[in-house]
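>>> Okay, structure incoming, though there's no sequence with it:
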């Protein structure tokens, strides 16, 4: 489930939920909406997962 992955990401990276939504999907309400039961479209899911994977791989580069 996407929201579980996002919650783990937010915790691991100490990122505010609105910043995550803005960066991942250009939607600062994304996380709140998902917490309230919103079902993301496949394209949104793909974009968010790509953001999380890319962020992880580049976050350790100095």
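Ah, there it is. Remember, predicted model here, so these are calculated numbers, not experimental data.

>>> For the rest of this, base every contact and every neighbour count on C-alpha atoms.
Noted.

>>> Can you tell me what sits against the least confident helix or strand in the chain by mean pLDDT?
Across the helices and strands of the chain, mean confidence by mean pLDDT, DSSP states H and E is lowest for helix 42-58: a mean of 91. Applying CA atoms under 8 Å, 6 or more residues apart in numbering, the set of residues contacting helix 42-58 from outside is 2, 9, 23, 24, 25.

>>> Report the buried residues of it.
For helix 42-58, a neighbour-count test (16 or more other CA atoms under 10 Å) marks 45, 48, 49, 51, 52 as buried.

>>> ok, residue 24 - contacts?
47, 48, 51, 52.

>>> hmm, try it at 10 Å
Neighbouring residues of residue 24 by CA atoms under 10 Å, 6 or more residues apart in numbering: 18, 30, 44, 45, 47, 48, 49, 50, 51, 52, 55.

>>> Out of the residues you listed, which comes closest to residue 37?
Nearest to residue 37 out of the contacts of residue 24 is residue 30 (CA to CA; 10.7 Å).
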